[in-house]
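Trainee: Have a look; sequence and predicted model below, questions after that.
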Amino acid sequence: QVQLVESGGGLVQAGGSLTLSCVASGRTFSNYAMGWFRQAPGKEREFVAAMAWSDRRTYYADSAKGRFTISRDNAKNTVYLQTNSLKPEDTAVYYCAAAPLSSSSWWTGFTGGYNYWGQGTQVTVSS
């Protein structure tokens with residue numbers, strides 16, 4: 001059974017940082033990409049960043065470029081999202097997800113192409 005478990009969310013002041021983690025289990029992800037999405041209250045879920053597990057290719061949403069960094073630790077089967085210079089508009093539930101590399105969805109950020117999802121972790125940025 002595939003499981004993606006996020007952690008690391010919390011309350012932080014504007015300008016602060018958080019590191020989100022996603023531990024993946026239940027299958028081999030070498031042919032998958034891992035993505036981070038977020039969903040704010042009343043808004044659609046949006047793509048934040050993604051990384052190909054095998055060769056570390058990365059893609060970022062414009063809102064994340066220069067502030068967020070996606071990375072992974074193979075030994076721990078864990079994907080991270082380092083978030084810096086946080087703004088109140090970054091407040092959202094952040095989700096980890098996995099998509100097969102054979103699908104262009106992994107780098108276009110189309111949520112329908114991601115077939116495994118975590119339960120989410122709340123990030124709240126105060127002004």
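Mentor: Good, I have the coordinates.

Trainee: List the buried residues of the helix-or-strand element of the chain with minimal mean pLDDT.
Mentor: None of the helices or strands of the chain scores lower by mean pLDDT, DSSP states H and E than helix 105-108, at a mean of 88. By neighbour count on 16 or more other C-beta atoms under 10 Å, the buried set for helix 105-108 is 105, 106, 107. Every residue, glycine included, has its C-beta placed from N, CA and C.

Trainee: again, but for stretch 30-44
Mentor: Buried residues in stretch 30-44, defined by neighbour count with 16+ other C-beta under 10 Å: 32, 33, 34, 35, 36, 37, 38.

Trainee: quick one on the thing from earlier: sort out which one of the buried residues of helix 105-108 lies nearest residue 61 for me.
Mentor: Nearest to residue 61 among those is residue 107, at 11.0 Å by C-beta to C-beta.

Trainee: which secondary structure element contains the residue nearest to that closest one when sequence neighbours are not counted?
Mentor: Excluding the flanking residues, the one nearest residue 107 by C-beta to C-beta, 6 or more residues apart in numbering is residue 59, at 4.4 Å. Element membership of residue 59 [criterion: DSSP states H and E] is strand 58-60.

Trainee: Give me the distance from that strand to the chain's centre.
Mentor: How far strand 58-60 lies from its chain's middle: 11 Å, per C-alpha atoms, centre = their mean, to the nearest Å.

Trainee: Can you list the neighbours in contact with the helix or strand following it?
Mentor: Using DSSP H and E, the helix or strand that follows strand 58-60 in sequence is strand 68-73. Here strand 68-73 makes contact (C-beta atoms under 8 Å, 6 or more residues apart in numbering) with 34, 36, 48-51, 53, 56, 58, 60, 78-84.
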